[in-house]
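[1] what would the 3D arrangement of this be:
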Amino acid sequence: MNAKHHLLIVDENPYVVDILIQTLNKDFKITVANTGQEAARLLIQGNRFDCVLTELDLAFFNGLELTKLIRMSRLASQTPVVILSNVPDSATRIQCLEQGVDAFLAKPFNPLEVKAKLHALLRRADSPIEETLKRPVSVGMQPETKPFWLPKSRILSMLFGSYSLSQSA
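    Now for the predicted structure:
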C-alpha cells in the first residue's frame, strides 16, 4: 500500500481529529477540514484526496451532502468516503450507504478499526485489476480452432462424446 495516500478528515470536534491524526499520520498525508463547508471548498478548488473520512452531523453542510458533492464530481467520484457518526438508528446508516458512502463507523470508534477500514478501502481502490482493465486489449479469433464454427453434429459429439445416445423407434 502506498504510504502517501492523501486523506481528508472532516470533523468539528478537535479531540476526534487529534485521535485520528495520532493514529493515521504515519500511513497517510492528512488534510483537516473543521466544517463541511471547508471540505467542500477544498474539493471545489480541485484538491485531490484518496479517501475522505467525515462526521455525518456537521453544521450547515453535513457528511451526506459532502458525499453527494464528491459523487457528482468528475475528478473525485471514485474517492472512497467513510462516515463516522453517533447516530444510533440503522435507517440513517442505510440511507448513507444508498447515497454513496462506502463505509459507516459508529462513534465511539476504535481508531485502529478506522485505520484498518481505510487501508481495506484503499487496497480495493488501488487494485491492479483496475489498472489492467484500463490498458487496451487486442482480441482475435481463429475460426478454424473454435467449436463455434464447427458443424452441429461435431459440437454435440464434443459435448456428449462419452455418452451413448440411443434412438427410440
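
[2] now do the contacts for the residue positioned nearest the centre of the chain.
    With distances taken as Cα atoms, centre = their mean, P80 lies nearest the centre of the chain, 4.7 Å away. With contact taken as Cβ atoms under 8 Å, 6 or more residues apart in numbering, P80 is in contact with D50, C51, V52, D102, A103, L118, L121, L122, A125. Any C-beta I mention is one placed from the backbone N, CA and C, and that applies to glycine too.

[3] and the nearest residue to the first one once chain neighbours are set aside, what are its bridge partners?
    Translated: D50. Counting by Cβ to Cβ, 6 or more residues apart in numbering, D50 lies nearest to H5, which is 4.1 Å off, once chain neighbours are set aside. Beta-bridge partners recorded for H5 (DSSP bridges): F28.

[4] wouldn't H5 be in contact with K26 here?
    No - between H5 and K26 there is no contact under Cβ atoms under 8 Å: 11.7 Å.

[5] out of those two, which sits in the more crowded spot?
    H5 (20 against 8; other Cβ atoms under 10 Å).

[6] for that one, which residues are in contact?
    D27, F28, K29, D50, C51, L122 are the contacts of H5 under Cβ under 8 Å, 6+ apart.

[7] tell me how many other residues surround the fourth one.
    Yep, that's D50 we're talking about. 20.

[8] next one: the first one
    Here the number of neighbours of D27 (other Cβ under 10 Å) works out to 17.
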